[in-house]
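Asker: the following block contains a protein sequence and its predicted model.
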Amino acid sequence: MGEDERGGGSGGGGGGGGEAERWPWWAAASAAQVAAGAAWFRRGRGGTAVAMPFRAFAIATLFVGAGATAVTAGVLAAGVGSVEEMKGVGASIRRWMGAPPRRVQGD
């Protein structure tokens, strides 16, 4: 059994048995980021007006990060563990939509 078969290679996916159960942690991280962003947003204005752009950027970053971690959790929960598997999922979605197959650069 090679390193790639065990899921311990440098692919970084969730292919192994224990690694496939990482998605709940990603989902929890997403929920924590949404909760922190909502708490900061609801707290309202505080401090000086000079700090408001930085605070708004921090809150927006929490919401964007929550979306990214939620997508990661969904991908891991679906069992996609490598880039090649993700390319297959993308091709399947394109076929379902009726879009033409994606061309390789240089065609």
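Answerer: It's in. Residues are numbered from 1 along each chain as shown.
Asker: list of residues touching stretch 23-43?
Answerer: Identification of contacts with stretch 23-43 by CB atoms under 8 Å, 6 or more residues apart in numbering yields 14, 55, 58-59, 62-63, 65-67, 69-70, 72-74, 76-77. C-betas here are computed from N, CA, C, even on glycine.
Asker: swap in 7 Å and give it another go.
Answerer: By CB atoms under 7 Å, 6 or more residues apart in numbering, the residues outside stretch 23-43 that reach it are 59, 62-63, 65-66, 69-70, 72-73, 76-77.
Asker: just the closest of the residues you listed to residue 44, please.
Answerer: Lowest distance from residue 44 to the contacts of stretch 23-43 (CB to CB) belongs to residue 59, with 11.4 Å.
Asker: where's that closest one relative to residue 49, distance?
Answerer: 16 Å (CB to CB, to the nearest Å).
Asker: so for the two, which residue has more residues nearby?
Answerer: Each of residue 59 and residue 49 has its neighbours counted (other CB atoms under 10 Å); residue 59 has more, 17 against 7.
Asker: for that one, what are phi and psi?
Answerer: Backbone torsions for residue 59, taken as degrees, to the nearest 10, come to phi -70, psi -40.
Asker: same question for residue 101.
Answerer: Here is the backbone geometry of residue 101 (degrees, to the nearest 10): phi -60, psi 150.
Asker: ok, it - contacts?
Answerer: Going by CB under 7 Å, 6+ apart, the list of residues near residue 101 reads residue 94.
Asker: pLDDT at it, what is it?
Answerer: Per-residue confidence (pLDDT) for residue 101: 80.
Asker: before we move on, what about residue 52?
Answerer: If you check residue 52, the pLDDT there is 82.
Asker: also the one 3 residues further on?
Answerer: In this model, residue 55 is scored at 85, pLDDT.
Asker: how about residue 79?
Answerer: Here the pLDDT value assigned to residue 79 is 85.
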